[in-house]
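Show me the folded form of this:
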Amino acid sequence: TSSTYGLAQGGFPSTGVEPEKEYKANVGVELGLWKGFSMQVDAFYNRRKQIKGESSGIYSTVVGRGMPFLFNGEVKNYGGEISMGWQQQLNHFGYSIQGNVSYAKNEIININEGYHPYGYMYYTGHSIGQFYGLIAEGLYQKEDFDAQGNLLPGAPVSTYEAKLQPGDVKYKDLNGDGKITDEDQTFLGYPNQPEITYGFGFSAGYKGFDLSMFFQGNARVSFFIDPRNTSPFVNYDAGDRIGVQQCLDVIANDHWSENNRDIYAFWPRLSPTLVDNNMVTSTWWMHDGSFLRLKTVELGYTFSQKAL
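Numbers count the residues shown, from 1 in each chain. Model (predicted):
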C-alpha cells in the first residue's frame, strides 16, 4: 500500500488579533480613632476585554472548515473588603478584637454565544464557574403513577429515562412543553468559588497568660456531588481497579424506599445500574458550600525573667 499526500483548505484565519486588555480601578480608605479603633475599606473594579474565545456559537460550521478564534470576550470583576479592629490595655489586662469580610464577583459580559430558545439558557450575565443543569422538585412518589406504572397525565415526561419509577428525581419543566429536556436546564446556585470570605477573632492577655482565637468562613458558594462516582452497588472499571462501588453510610441511612418515602431523601431509589434520569446535573446534587470554622486557638504563658 502507499499513501498520497496533498493540499487541503485549512480553517478560517483569525482577524483583529490583539492582546487581552484589563482595566483596573481601586480605592481604599484607612481610619484610626480613639487610640484603639482601626478600619480599612478597599473596593475594586476590573474589566477584561478582547479575551480569546471560540466563535462556533456565532458562525455556522456547515462549510466544513475550522472556525476562527475571536478576540472580543469580556468579563468584569468587582468587589471590596472591610477590615476592623479594636485594642485596649487596662492595667495588667489587654485585649484586641479584629475582623474582616471580602466580597468578589465576576460577570460574563460577552462570550460569543449562539442562539438559545429561552433567555434562562444564556451564559451572558452569569458568573464564571456557575453550574448549569436542571431544577429538581423532589422525588416521584407512588401517587404520581397509575396502576400500570405510567406517569399520570399532565406530568412532564423525562427524555433521560424511558421508564421512570417512584423514587426517581422529579424536575421542573421550565419551558412548559411537557417534556424534561436539555432546554429545561439553566444556571444553578452560586459559583464554585466563594463570593464572600470572612474571618474574625480576638486575643487577650492578663499578666503572663494569653489566649487567642480566630474563626474563618465563606459564603455564596456551591458544590456538587458526582452521582456517577458515588452510586452504590454499581460496577466500575478504573483500569487497575475493577469492582462494585460501596454504599456510603449517609446513603444507606437516607435513601428513598418503600419504608422511607421522603420526597427529599438524601439519595433517590437504589439500583444496581445507573439511572440516567437521576444522573443529570441538577439542584438535587447541589449543596451549599458555606462554612464557619475555628481555624486557630492558642493558650500560652510567658515566664518572667526571674522565673527563668
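
quick one: least confident helix or strand in this structure?
Every helix and strand of the chain was ranked by mean pLDDT, DSSP states H and E. The lowest is strand 235-237, at a mean of 71.

centroid residue for this protein?
The centre of the chain sits closest to Asn192, judged by Cα atoms, centre = their mean, with a distance of 2.7 Å.

and that residue, what are its phi and psi?
Phi and psi for Asn192, reported as degrees, to the nearest 10, are phi -80, psi 0.

So for it, what's the nearest residue that isn't a sequence neighbour?
Leaving aside its sequence neighbours, Asn192 sits nearest to Gly129 (Cβ to Cβ, 6 or more residues apart in numbering; 4.6 Å). C-beta coordinates here come from the backbone N, C-alpha and C atoms, glycine included.

which residues does the one you found contact?
Pro191, Asn192, Gln193 (Cβ atoms under 8 Å, 6 or more residues apart in numbering).

by contact count, what packs against the longest strand along the chain?
Ranked by number of residues, the top strand in the chain under DSSP state E is strand 70-90. Helices and strands touching strand 70-90, by 3 or more Cβ pairs under 8 Å, 6 or more residues apart in numbering; DSSP states H and E, are strand 37-53, strand 93-110.

looking at the ones you listed, which has the lowest confidence?
Per-stretch mean pLDDT for those is lowest at strand 37-53 (a mean of 90).

What is the neighbour count of the residue nearest to Ser83 when sequence neighbours are not counted?
Spatial nearest neighbour of Ser83, chain neighbours left out: Asn100 (4.1 Å); criterion: Cβ to Cβ, 6+ apart. When neighbours are defined as other Cβ atoms under 10 Å, Asn100 has 15 of them.

For Asn100, which residues count as its bridge partners?
In this entry, Asn100 is beta-bridged to Ser83, Gly199, by DSSP bridges.

I'd say it and Val41 touch.
No - between Asn100 and Val41 there is no contact under Cβ atoms under 8 Å: 10.6 Å.

So Leu164: helix, strand or coil?
coil (DSSP: H, G, I helix; E, B strand; the rest coil).

My read is that it contacts Leu151, right?
Yes - using Cβ under 8 Å, Leu164 is in contact with Leu151, at 6.3 Å.

Which of those two has more residues huddled nearby?
Shown here are Leu164 and Leu151; by other Cβ under 10 Å, Leu164 has more neighbours (23 against 16).

Run through the residues that contact Tyr120.
Tyr120 neighbours (Cβ under 8 Å, 6+ apart): Leu174, Thr186, Phe187.

Which members of those are positioned in helices?
Within those, no residue falls in helices by DSSP state H.

From those, which land in strands?
Under the assignment DSSP E, the contacts of Tyr120 contribute Thr186, Phe187 to strands.

Between the contacts of Tyr120, which sits nearest Ser222?
Ser222 lies nearest to Phe187 out of the contacts of Tyr120, by Cβ to Cβ, at 10.6 Å.

so who does the closest one touch?
So Phe187 contacts Tyr120, Tyr123, His126, Gln130, Phe131, Tyr132 (Cβ under 8 Å, 6+ apart).

Which residues does it form beta bridges with?
With DSSP bridges as the rule, Phe187 is bridged to Tyr132.

Give me the pLDDT for it.
pLDDT, read off for Phe187, is 95.

With Ala25 instead?
pLDDT at Ala25 comes out at 95.

ok, now which ones touch it?
Phe44, Tyr45, Asn46.

if we go to 7 Å?
Taking Cβ atoms under 7 Å, 6 or more residues apart in numbering, we find Ala25 in contact with Phe44, Tyr45.

so how far is Asn72 from it?
Here Ala25 is placed at a distance of 22 Å from Asn72 (Cβ to Cβ, to the nearest Å).

just Gln50 next, same as before
Distance from Gln50 to Asn72, by Cβ to Cβ: 6 Å.

looking at this, Ser304 is in a strand?
No - looking at Ser304 with three-state DSSP, it is coil, so not inside a strand.

And the pLDDT at it?
We have a pLDDT of 77 for Ser304.

need the contact list for it.
Gly208.

Same check on Arg293?
Per Cβ under 7 Å, 6+ apart, neighbours of Arg293: Phe215, Gln216, Gly217.

for this protein, what spans make up the helices?
Going by DSSP H, the chain shows helices at 249-253, 276-279.

for those helices, which one sits closest to Asn77?
Nearest to Asn77, of the helices of the chain and by Cβ to Cβ, is helix 276-279 at 33.5 Å.
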